[in-house]
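Chemist: Have a look at this prediction, sequence included:
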Amino acid sequence: MSDKKKIVFVSISCDLYGSSKVLLSLVLQMKQKSSKYEPVVCLPPEDGPLRDRLKEAGVRIIEMPVVKLTRSMLKSFAIFGLLSEYFRAKRIFRRETSGMDIYCIQSNTLATVFGSIYCKFRRTKHIIHVHEIMDRPKLAALFFKYMLKFGSEMVVYNSEATAAYYNKLAPSLRKKSTTIINGVDRTGVPISESEREDIRRDLYNAGPGDVIIGLVGRINRLKGHDITLDIFEELVVEYPELCIRFVGSPPPNQEHFLVNLRERIDSMEAGNRVQIVDFRENVFPLMEAMDLVVVPSTEPESFGLVVVEAMLSGKAVVGSDIGGISTIIDPNRTGLLFDPKDKESYKRAVKKLLDDNRLKQKMETEALQVAKTEFTTQKMYHSFLEVYDKNL
């Protein structure tokens with residue numbers, strides 16, 4: 001058995017959306033580069049690209065319940081059902097880690113409470129890597145406030161926006177918290193012009209003169225699909241060449257968001273110019289084939305990984321001026337921000353880039369450069385090493 005110190009990560013899912021992508025980057029770099037630490041990842045019993053990538057890299061996986069807490073549980077007695085899940089998870093975890101010298105457990109998001117409970121009754125150190133701003137319902141904010149205060153030795157925020165929210169909620173957290181900005185690396189090389197045309201024609205069903213506005217991300221209540229359709233119905237009258245492409249899928253057991261979105265599209269006069277494309281693990285070619293990327297979240301995102309992915313794809317981004325998104329986009333340099341409560345503000349931002357191609361191209365160049373220097377996984381990885389070395 002390796003004499004490296006074991007850091008056990010707990011992931012709430014096997015997908016490869018935001019927080020899972022960050023976890024994968026960190027774990028792979030640790031696996032490949034660290035002479036001191038060895039990653040072990042706890043995953044729920046489900047299939048998904050995160051599991052596949054970890055297996056390919058030879059990372060040890062522990063399959064177990066991860067004791068996932070949802071907002072709805074906090075509104076009902078369902079939270080007590082987590083206790084039996086926790087005891088089942090604990091049995092599996094203790095069996096799988098028997099004889100293992102665990103340096104610390106790191107929970108990848110607030111939604112998994114296994115680490116907070118397990119470490120509370122042991123000497124094992126616990127880190128919570130916070131990827132979400134839980135501001136509603138109020139009971140959730142209160143619950144997670146105390147979980148951060150009493151359920152961890154160290155809190156790592158993924159953005160300054162996340163840190164500001166929780167440190168205001170519980171000022172005492174400043175003493176044991178740090179901020180490590182999420183890193184993103186480009187997957188593969190930029191596509192050729194012919195590949196771009198192939199994607200636009202074969203995947204997006206777009207003609208040579210069409211202008212594609214893309215929204216990439218989960219299909220749920222807060223990503224801004226509805227407000228995007230609102231402004232599209234008005235813009236397409238003035239810009240008949242416009243198309244909307246939504247790339248993503250709904251969270252498990254929330255397929256009603258996809259059903260509702262399809263019904264809305266079918267009812268639109270210009271609905272034939274809107275399409276939904278299933279989630280793809282490698283989003284970079286898909287973004288490069290778009291003309292403009294929008295990130296119109298209607299509630300605060302803790303970071304907004306898709307913004308950086310769009311920038312790495314050489315795209316100017318129109319994003320909501322809230323949460324982490326507002327800390328990534330440099331207005332009028334790498335993209336434009338708008339008030340998510342003001343539909344006209346969103347429409348004006350999109351129109352500005354549709355009308356001024358020179359400005360759009362300048363922003364695209366700046367966005368790519370900033371993303372390549374400021375939001376790297378290398379910086380993120382070394383920042384985590386400092387946390388492990390100095391703070392535990």
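Modeler: Perfect, I can see it now.
Chemist: Touching, Glu241 and Pro208? I think so.
Modeler: No - look at Glu241 against Pro208 with Cβ atoms under 8 Å: they stay out of range, at 10.0 Å. All C-beta spots, glycine's among them, are computed from the backbone N, C-alpha and C.
Chemist: Give me the more crowded residue out of the two.
Modeler: Neighbours per residue (other Cβ atoms under 10 Å) separate Glu241 from Pro208, with Glu241 holding more: 14 against 7.
Chemist: How much space separates the more buried one from Leu292?
Modeler: To Leu292, Glu241 is 12 Å away according to Cβ to Cβ, to the nearest Å.
Chemist: Next, the contact list for the nearest residue in space to Ala206 that is not next to it in sequence, please.
Modeler: Among residues not flanking Ala206 along the chain, Arg200 sits closest, at 4.6 Å (Cβ to Cβ, 6 or more residues apart in numbering). Arg200 sits next to Ala206, Asp210, Ile212, Ala289 when contact means Cβ atoms under 8 Å, 6 or more residues apart in numbering.
Chemist: so what's the third one bridging to?
Modeler: By that I understand Ile212. Cys243 (DSSP bridges).
Chemist: and it, what does it touch?
Modeler: Counting by Cβ under 8 Å, 6+ apart, Ile212 touches Arg200, Tyr204, Ala206, Cys243, Ile244, Arg245, Ala289, Met290, Asp291, Leu292.
Chemist: if we go to 10 Å?
Modeler: Ile212 makes contact with 199-200, 204, 206, 241-245, 273, 275, 289-293, according to Cβ atoms under 10 Å, 6 or more residues apart in numbering.
Chemist: Looking at those residues, which are in strands?
Modeler: In this view, those that belong to strands under DSSP state E are Leu242, Cys243, Ile244, Arg245, Gln275, Leu292, Val293.
Chemist: From the contacts of Ile212, list the buried ones, please.
Modeler: 199-200, 204, 206, 242-245, 273, 275, 289-293 (16 or more other Cβ atoms under 10 Å).
Chemist: ok, of those, which one's closest to Tyr17?
Modeler: Closest to Tyr17 out of the buried ones among the contacts of Ile212 is Val293 (16.1 Å), distances taken as Cβ to Cβ.
Chemist: what's around Val317, how many residues?
Modeler: Close neighbours of Val317, defined as other Cβ under 10 Å, add up to 29.
Chemist: Got the confidence number for it?
Modeler: At Val317, the model reports a pLDDT of 98.
Chemist: Domain-wise, how is this protein divided?
Modeler: The chain breaks down by automatic domain parsing into domains covering 5-183+376-390, 193-374.
Chemist: tell me how far the longest one is from the chain's mean position?
Modeler: When you say that, I think you mean domain 5-183+376-390. 14 Å (Cα atoms, centre = their mean, to the nearest Å).
Chemist: For Lys262, pull up the helix or strand it's in.
Modeler: One thing to correct before we go on: residue 262 is Arg, not Lys. helix 256-266 (DSSP states H and E).
Chemist: Kindly apply the preceding question to Leu16 instead.
Modeler: Element membership for Leu16, per DSSP H and E: none, as it lies in no helix or strand.
Chemist: my guess is it contacts Gly248, does it?
Modeler: No - look at Leu16 against Gly248 with Cβ atoms under 10 Å: they stay out of range, at 11.7 Å.
Chemist: I appreciate the help and will end here.
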